[in-house]
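Trainee: no FASTA, just this:
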């Protein structure tokens, strides 16, 4: 529903970078470069951001 | 034992430890992950939660936020007693009171109001929950000290690891591409070969393993300084060794 706060594997706080990642990739920047720039180095943390799908907006009307 | 610091940053550190066994190195790694206590939100009282997320899910998210910890002012609850009561002096209350009025609003750790100014969220941009107009979250969160071995939210060290130290050799040895990161030059200097500049004159060199030397890489989640994390971890190791010594000698 919302981005995980921490990486499932290593425990680093990946949620911290989600909004910037989202914004910059939406603006057309390459996801790989954005992640490198944000300092998300390990592939465990990278997959947390790359594979996340925000669903709050989809769920919201059914509350 | 000999410790050489390679790099010390705000959240990360790298150092070389010599003349220790692999078992000892692993003991240090495990102590950093599991034994150093950090503060984390442990219980949450919700006064209002009209968001789309259930109380317990939101409470888990609140608990995962790293909090800056001053280990000298808080104490771990005693392990030997089954007492459920905590000493209020060892707790910190953080309150959160956010309502989305006319516009969507996301709750961030920066919305926490802490009763102790020294205890603040280490990362402030984590989206905790998105509120639609009219939704609100009002909660009182109590943070306590805990260890990483009891819950991952109390784990101060993130991706803590070590590897054998390698030395660059002019002849023989294995291919240099086999190692990344910090290696020792023939003069005993430490250089980083992942960095193009680090390679320089050693382009044609091979590598061999240095016995009983380890390169540690420690990352902190922000609750403690990386240096404090390592020092506290070694402290717990010597405490435990002393305890064992006591028990064996009596």
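Mentor: Yep, that arrived. Being a predicted model, the structure only gives us computed values, none of them experimental.
Trainee: low pLDDT regions in the chain?
Mentor: Answering for chain A, as no chain was given. The model of chain A has pLDDT under 70 over residues A:63.
Trainee: ah, no, chain B please
Mentor: In the predicted model of chain B, residues B:78-86, B:195-200 satisfy pLDDT under 70.
Trainee: and the helices in it, which stretches?
Mentor: Secondary structure of chain B by DSSP state H: the helices cover B:22-34, B:55-63, B:196-199, B:226-249.
Trainee: name the element the spatially most central residue of chain A belongs to?
Mentor: The residue lying closest to the centre of chain A (C-alpha atoms, centre = their mean) is residue A:49, at 2.7 Å. Secondary structure from DSSP states H and E places residue A:49 in helix A:43-50.
Trainee: moving C-terminal of the lengthiest helix in chain A, what's the next helix or strand?
Mentor: The single longest helix within chain A, with elements called by DSSP H, is helix A:15-26. Remark: after helix A:15-26, the chain's next helix or strand is helix A:31-38, criterion DSSP H and E.
Trainee: what residues of stretch B:169-179 count as buried?
Mentor: B:173, B:176, B:179 (16 or more other C-beta atoms under 10 Å in any protein chain shown). C-beta here means a position set from N, CA and C on the backbone, and glycine is covered the same way.
Trainee: quick one: the first one and residue B:208 touch, right?
Mentor: In this case it means residue B:173. Yes - with contact defined as C-beta atoms under 8 Å, residue B:173 and residue B:208 form a contacting pair (4.4 Å).
Trainee: what parts of chain B come near chain A?
Mentor: Proximity of chain B to chain A is confined to B:50, B:52-53, B:61, B:64-66, B:122-123, B:125-130, B:132, B:135, B:152, B:155, B:158-159, B:219, B:221-222 under the rule C-beta under 8 Å from any C-beta of the partner chain.
Trainee: what do you get if the cut-off is 6 Å, keeping everything else the same?
Mentor: Proximity of chain B to chain A, by C-beta under 6 Å from any C-beta of the partner chain, involves residues B:52, B:61, B:64, B:123, B:125-127, B:130, B:132, B:152, B:155, B:158-159.
Trainee: and the residues you listed, which two are furthest apart?
Mentor: For these, the farthest-apart pair by C-beta to C-beta is B:132 and B:159; their separation is 35.9 Å.
Trainee: still on that earlier bit, is the longest helix of chain A anywhere near chain B?
Mentor: Yes - judged by C-beta under 6 Å from any C-beta, helix A:15-26 comes into contact with chain B at A:15, A:16.
Trainee: list the helices and strands that helix packs on?
Mentor: If contacts are counted by 3 or more C-beta pairs under 6 Å, 6 or more residues apart in numbering or on different chains; DSSP states H and E, helix A:15-26 sits against helix A:31-38.
Trainee: kindly recompute the last result at 7 Å.
Mentor: On a contact count with 3 or more C-beta pairs under 7 Å, 6 or more residues apart in numbering or on different chains; DSSP states H and E, helix A:15-26 meets helix A:31-38, helix A:43-50.
Trainee: what angle sits between that helix and helix A:43-50?
Mentor: Inter-element angle recorded for helix A:15-26 and helix A:43-50: 60 degrees (by axes from the mean of the first three to the mean of the last three C-alpha atoms, to 10 degrees).
Trainee: buried residues in helix A:15-26?
Mentor: Across helix A:15-26, burial judged by 16+ other C-beta under 10 Å covers A:15, A:16, A:17, A:18, A:21, A:22, A:24, A:25.
Trainee: ok, residue B:28 touching residue B:234?
Mentor: Yes - with contacts counted by C-beta atoms under 7 Å, residue B:28 reaches residue B:234, the gap being 6.4 Å.
Trainee: compare neighbour counts for the two and give me the winner.
Mentor: Using other C-beta atoms under 10 Å in any protein chain shown, the more surrounded residue of residue B:28 and residue B:234 is residue B:28, with 20 against 16.
Trainee: tell me how far that one lies from chain A.
Mentor: 18 Å (C-beta to the nearest C-beta, to the nearest Å).
Trainee: what residues does that residue make contact with?
Mentor: By C-beta atoms under 7 Å, 6 or more residues apart in numbering or on different chains, residue B:28 lies in contact with B:233, B:234, B:237.
Trainee: appreciated, that's everything.
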